[in-house]
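Novice: pasting a predicted model and its sequence here:
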Amino acid sequence: AQSVTQLDSHVSVSEGTPVLLRCNYSSSYSPSLFWYVQHPNKGLQLLLKYTSAATLVKGINGFEAEFKKSETSFHLTKPSAHMSDAAEYFCAAGDYKLSFGAGTTVTVRA
Amino acid sequence: NAGVTQTPKFRVLKTGQSMTLLCAQDMNHEYMYWYRQDPGMGLRLIHYSVGEGTTAKGEVPDGYNVSRLKKQNFLLGLESAAPSQTSVYFCASSYAGRYEQYFGPGTRLTVT
């Protein structure tokens, strides 16, 4: 079994500034880790995944995440936020049964 | 290539009524899942299937049943709807375990 904690329920950034979304997980084994994005009234779209290869994972739309086993973390970053990044972001961990965090809502100020 | 589709998109039920949500995928995936999404709780797994003819309980299975008679379809049933089942329901599929899951657009269900 595993659990996921997203440390911020809401993050607000200015357009063009970096975004950091924090995710910690706990698991009795080495799970796969995922970040998904959900725009209003839409389904979830995969941003990136970690499955025991490189610890720095690059995803779509300029996002990347770093896996740190010692800290059981999988934080998501983007160097420069765009207005279109306003959405809800979910971190998930598991093998075929995923556990999701509660989500982080990102707002981007012009 | 439609990916994962869900029918219906919206539904309003009265307490005690029944309904079936249909999920279909055209990616030949083995694994399929039903989740519910509630504010502040992320997604919680209701039931899942690791292949045609198989189903298993997830984290919150009470009040729901599922069937996977065909590989491409995964049905979620509510036999006697309750207001606590008001939620947004998402179906997902994956090629196998530890692979990414692809999500449908969701079904918004309200039980009054």
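Specialist: Happy to help now that I have it.

Novice: B:M41 against A:S99, yeah?
Specialist: No: the criterion here is CB atoms under 8 Å, and B:M41 misses it with A:S99 at 11.6 Å. Every C-beta, even on glycine, is put in place using the N, C-alpha and C of the backbone.

Novice: can you tell me which residues in chain A are near chain B?
Specialist: Contact residues (CB under 8 Å from any CB of the partner chain) of chain A with chain B: A:4, A:9, A:32, A:34, A:36, A:41-46, A:49, A:51, A:90, A:92, A:95-98, A:100-103.

Novice: narrow these to just the buried residues.
Specialist: A:4, A:32, A:34, A:36, A:43-44, A:46, A:49, A:90, A:92, A:95-98, A:100-103 (16 or more other CB atoms under 10 Å in any protein chain shown).

Novice: now do the contacts for the residue nearest the centre of chain B.
Specialist: In chain B, the residue lying closest to the centroid (CA atoms, centre = their mean) is B:W34, at 3.0 Å. Contacts for B:W34 were tallied using CB atoms under 8 Å, 6 or more residues apart in numbering or on different chains; they are B:21, B:23, B:45-48, B:58, B:64, B:66, B:74, B:76, B:89-91.

Novice: next helix or strand past the helix or strand harbouring it?
Specialist: Following DSSP states H and E, one finds B:W34 within strand B:31-37. Counting by DSSP H and E, the element after strand B:31-37 in chain order, helix or strand, is strand B:43-49.

Novice: show me what that next one packs onto, helices and strands only.
Specialist: Helices and strands touching strand B:43-49, by 3 or more CB pairs under 8 Å, 6 or more residues apart in numbering or on different chains; DSSP states H and E, are strand A:98-100, strand B:31-37, strand B:56-57, strand B:65-67, strand B:73-78.
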